[in-house]
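Trainee: Following is a predicted model, sequence given first.
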Amino acid sequence: MNLPACGIVILCTLLLAAPALAGEAPVTRTIADIDGDGESLLMVVLSIDGMEIGGIIETLPGGSTFEGTDHPPAQVAVSDGRAMFSVIGEGEIRYTITMPSAAGTGISGTWEDFLNETNGMVTGDGATAAEEQASPAPPPASSAPGALVAVAVVGLLLLCLHAGGGRR
Amino acid sequence: MKRRILLALVLAAVLAAPALAGPDAAAIPGDADGDMHLTRAELAGAILGYLRDGGSAGAATGRQDVQDAACVYSCWGGTPLEVTDSAGRETVMVRPLRRVVVFNGETLETLRSLDFETERIVGIDKYSMEKSAFFPEFQDAENVGSIWSPDLERVVSLRPDAVFLYATISTGACDEIQAKLQSSDPSIRIFRFDCYKPASYMDEVETVGAITGREEEAARFAAFYTGIMDRIAGEVAALSEGDRVPVYFEYYDEYKTVATGSGYDEKIRLAGGRNLFADEPAEYPNIEPEAVIAANPSVVIKLVGKKLEFGGYRGGDAAPFAALQHQIMARPGWWSLDAVQQQRVYLIHSDLLGGAQHFIGTAYLAEWFSPERFAGLDPGTLHRQYLREFQHLAFDPLTDGIFVYP
């Protein structure tokens, strides 16, 4: 198999895998800037789909301050630049942070589904490209489909290289 | 003696190391006030505690604790699950099952019907282990021996949270296993089920479904099972005693039959037959050859498997079946029997009649006893459906194995 053909195969594999990757993350983030003066007041919305009982950790940008949330107080903890939420049936969590304009904009987050025993990265606004495609962050309780896809892609790549080498 | 010393050492090690013995088996994880009711606030607190600690080793709330708490809250409403097994023993569960040892193949098969996670079954009995074609996914599980010769050191070393044993057969051996395990580690829960008797199977499926958190799967399987058995019962209910087909059922040994009290007699009746030797005093009596000739059965059923080791999930060679049928029909004096005259001598493998698949075997009996009434029952297709949908096996009973003959 030559390299262009190999590239097409990998591209097709990624395209086929994309819905699976998107579908497996039960927590997605959207961010809206609701105050443009000097300091930014950001509204962060975590949308939760298919995770009945779980936990979310949001790591806030340096210099930012957690202002508040609509989540029940007993289900929230904030410390060391992290906002932690327990999820028991909720479909959405809203929280606000203030951030000096000089601060970075990246928010990273992880989720863990305690019933399905899966975990991974929060995707959406604020997440880096790496986080969007990342496999579970903490030690996985069980293998996730996304990780399998990643292994498959790597395997395919090795297969392509091996096939190419064989012809030489 | 050496085995006893080894067992004592293993037990001592487990009892002396609470960390190894696992979490508190008597408390609901996350139940902060210990009132045996996990509230929403307590669950939220347990989750936050876990998130704060990052699930690190030595954390106050571990990942498995939170997972178990989530299960108790979601599946059982935050309260312990009280179950009664087929031996009438009550057990209070405060956590889902994670490490299970199964000593009876019928329960193992039932667990698979309910989609219980394979990786949670850490040990199985030697006979199930030997059925590699039927239980291929358990070949890497630990072999814990049989109920007659259990490897209790191995069982204890597996640190199971539950062990499954028979309820009403081999009770002496099962009682002994239960007593030894519970005296060594009281946190091991013992569940006693048969999973092969038509009269109790559906109750057992429901209870096992509750124990394993597989209620929906249990209901789905129960619908499949009762759909078959209810159809047979509905047709048979219309039969008078005189309409029932007179049957001679022969066990593996020649002229060893079955009587009232045996599972096979129960299945003959369920299928619309009349067991000609039901009134014999023993459940598995030996009879004189002349008695069969005098009784003149309309149908003869011969059980194969185990002692007559061919067919079933081991392969699809019809030759031994044909030879045995020929041999039976050629017995001295049998040429005059209605069953022989009308070519109604059937062979059935014990896999289909003696275990959890008894409903498929009963369907075959019903079809043989009353071909017109059960013309559309198609037991072979039901068998295939059972293996594919509930056992998740690629094995096709219509092409890969022989279970009945002809």
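Mentor: Arrived safely, thanks for sending.

Trainee: which residues sit in contact with residue B:79?
Mentor: B:36, B:37, B:38, B:72 (C-beta atoms under 8 Å, 6 or more residues apart in numbering or on different chains). Using the backbone N, CA and C atoms, a C-beta is placed for each residue, glycine as well.

Trainee: if I read this right, the third one contacts residue B:44, doesn't it?
Mentor: No - taking C-beta atoms under 8 Å as the definition, residue B:38 is not a contact partner of residue B:44, at 10.6 Å.

Trainee: Quick check: which ranges of the chain have low pLDDT?
Mentor: Using chain A. A:1-24, A:35-39, A:101-105, A:127-168 (pLDDT under 70).

Trainee: Sorry, I should have been clearer: chain B.
Mentor: B:1-25, B:55-60.

Trainee: Tell me which other helices or strands the one helix or strand residue A:77 maps to touches.
Mentor: Using DSSP states H and E, residue A:77 sits within strand A:76-79. Packing partners of strand A:76-79 (3 or more C-beta pairs under 8 Å, 6 or more residues apart in numbering or on different chains; DSSP states H and E): strand A:82-88, helix B:40-53.

Trainee: so how far is residue B:147 from residue B:127?
Mentor: 10 Å (C-beta to C-beta, to the nearest Å).

Trainee: related to what we said a few turns ago, rebuild the helices and strands packed on strand A:76-79 as CSV, extending it with mean neighbour count.
Mentor: As requested, the helices and strands packed on strand A:76-79 are exported to CSV (neighbours: other C-beta atoms under 10 Å in any protein chain shown):
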stretch, mean neighbour count
strand A:82-88, 23
helix B:40-53, 21
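
Trainee: could those be laid out in JSON lines, adding distance to residue B:191?
Mentor: Output for the helices and strands packed on strand A:76-79, formatted as JSON lines (distance: least, C-beta to C-beta, whole Å):
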{"stretch": "strand A:82-88", "distance to residue B:191": "30"}
{"stretch": "helix B:40-53", "distance to residue B:191": "27"}
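
Trainee: that older thread, tell me which strands the strand holding residue A:77 pairs with, and in which orientation.
Mentor: strand A:82-88 (antiparallel) (DSSP bridges).

Trainee: which parts of the helix or strand that comes right after the strand it pairs with are buried?
Mentor: On the C-terminal side of strand A:82-88, the closest following helix or strand by DSSP H and E is strand A:92-100. Neighbour counts using 16 or more other C-beta atoms under 10 Å in any protein chain shown place A:93, A:95, A:96, A:97, A:98, A:99 of strand A:92-100 among the buried residues.

Trainee: Double-check the third one against residue A:65; I have them as touching.
Mentor: To tie it back to what came earlier, the one meant is residue A:96. No - at 9.5 Å, residue A:96 does not count as touching residue A:65 under the criterion of C-beta under 8 Å.

Trainee: what's next to stretch B:318-330, contact-wise?
Mentor: By C-beta under 8 Å, 6+ apart, stretch B:318-330 touches B:250, B:300, B:302, B:304, B:308, B:310-311, B:334-335, B:340, B:345, B:347, B:402, B:405-406.

Trainee: got it, and stretch B:35-50?
Mentor: Contacts of stretch B:35-50 (C-beta under 8 Å, 6+ apart): A:53-55, A:72, A:74-77, A:84, A:86-88, A:114, B:27-33, B:59-63, B:65-66, B:69-70, B:72-73, B:78-80, B:94.

Trainee: ditto for stretch B:139-150
Mentor: By C-beta under 8 Å, 6+ apart, stretch B:139-150 touches B:101, B:103-104, B:121-127, B:129, B:132, B:151, B:154-155, B:158, B:165-166, B:170, B:173-174, B:177.

Trainee: can we see that at 10 Å?
Mentor: B:101-104, B:108, B:118-119, B:121-130, B:132, B:135, B:151-155, B:157-158, B:160, B:163, B:165-166, B:169-174, B:176-177, B:180-181 (C-beta atoms under 10 Å, 6 or more residues apart in numbering or on different chains).

Trainee: near chain A, from those residues?
Mentor: residue B:119 (C-beta under 10 Å from any C-beta of the partner chain).

Trainee: Among the contacts of stretch B:139-150, which are located in helices?
Mentor: Counting by DSSP state H, the part of the contacts of stretch B:139-150 found in helices is B:108, B:126-130, B:152-155, B:157, B:171-174, B:176-177, B:180-181.

Trainee: Phi first, then psi, for residue A:121.
Mentor: phi -100, psi 140 (degrees, to the nearest 10).

Trainee: Quick check: it vs chain B, distance?
Mentor: 15 Å (C-beta to the nearest C-beta, to the nearest Å).

Trainee: Would you check that that residue makes contact with residue A:107?
Mentor: No - applying C-beta atoms under 10 Å as the test, residue A:121 and residue A:107 come out as separate, 11.3 Å apart.

Trainee: Just want to know which of those two has more residues nearby.
Mentor: residue A:107 (24 against 21; other C-beta atoms under 10 Å in any protein chain shown).

Trainee: contacting residues for the more buried one?
Mentor: A:29, A:31, A:42, A:44, A:58-61, A:64, A:83, A:97, A:99, A:122, A:124-128, A:131.

Trainee: try 6 Å
Mentor: A:58, A:126 (C-beta atoms under 6 Å, 6 or more residues apart in numbering or on different chains).

Trainee: Next: residue B:164.
Mentor: Residue B:164 neighbours (C-beta under 6 Å, 6+ apart): B:102, B:107, B:191.

Trainee: how close does the last one get to residue B:393?
Mentor: So the one you mean is residue B:191. 25 Å.

Trainee: quick one: the helices in chain A?
Mentor: A:3-24, A:129-132, A:145-167.

Trainee: Could you pick out the residues of chain A near chain B for me?
Mentor: A:53, A:55, A:57, A:74, A:75, A:77, A:84, A:86, A:88, A:114, A:115, A:117 (C-beta under 6 Å from any C-beta of the partner chain).
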